[in-house]
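K.L.:
sequence and computational prediction follow.
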Amino acid sequence: AIPDYRPRERSAWKVPPLAEYKDAFVASLKKSSYIPPLLIIEPGRFLVSESGVMIASVTASRRISDNLYYVNIDASTNICPSAIAIGHKVEALGNLTGEPQETIIFGTCCTESDIIERVQLPQLKEGDTLLFYNNGSYSVSRSNQWVSPRPAAVLLSEKGDVRLLIRKETPDDLLRRDII
């Protein structure tokens, strides 16, 4: 297994209760140690990645060849740093038609490393919405204001309630800490 890796084809999986992890881990340690173990858990990407989804809008699309499209979105690797190394399942919302085609999704940073994903999607146009799954861990804490202020972060409960967790940044937020 590769740490922090989750195949993009895989949908949400059932996470066993924490007590089940603890019991298996502690039992294994007790067999090989005379010192009682102290277990400290940092759940990290593997347990919480699936709890977050990044939502982005298509800002431009362009056919490069018969079987390749470039798509720009209003998000970037500065908002979703894990996109550089981890494959994210991408879903296009709406009434899209046509056969899926190879699509390279670029962010707003205008750098060669700002490729969010390379996936098979129907032809997209400006204004279409994309969901990027498995963004629940570290995306907010590792994000930065490379080109524009960061978007809001919201919590959607199982009941459908929406709660603002972090408000959208403003240009004033970017300058607030400057002294001169």
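P.N.:
Perfect, I can see it now.

K.L.:
so what's residue 131 up against?
P.N.:
Going by C-beta atoms under 8 Å, 6 or more residues apart in numbering, residue 131 touches 53, 54, 55, 90, 91, 92, 93. (Glycine included, C-beta is placed from N, CA and C.)

K.L.:
nearest residue to it other than its sequence neighbours?
P.N.:
residue 91 (4.5 Å; C-beta to C-beta, 6 or more residues apart in numbering).

K.L.:
on the three-state scheme, that neighbour is what?
P.N.:
strand (DSSP: H, G, I helix; E, B strand; the rest coil).

K.L.:
what's the helix or strand for residue 24?
P.N.:
Residue 24 is located in helix 18-32, with elements delineated by DSSP states H and E.

K.L.:
how far does the biggest strand by length in the chain sit from the chain's center?
P.N.:
Longest strand of the chain, by residue count under DSSP state E: strand 54-65. Distance of strand 54-65 from its chain centroid, counting by C-alpha atoms, centre = their mean, to the nearest Å, is 17 Å.

K.L.:
contacts for whichever helix or strand comes after that strand, please.
P.N.:
Helices and strands here follow DSSP H and E; after strand 54-65, the next one along the chain is strand 68-73. With C-beta under 8 Å, 6+ apart as the test, strand 68-73 has contacts from 56-64, 101-108, 116, 121, 123-124, 130.

K.L.:
repeat that for stretch 154-171.
P.N.:
By C-beta under 8 Å, 6+ apart, stretch 154-171 touches 140, 145, 149, 150, 151, 152, 153.
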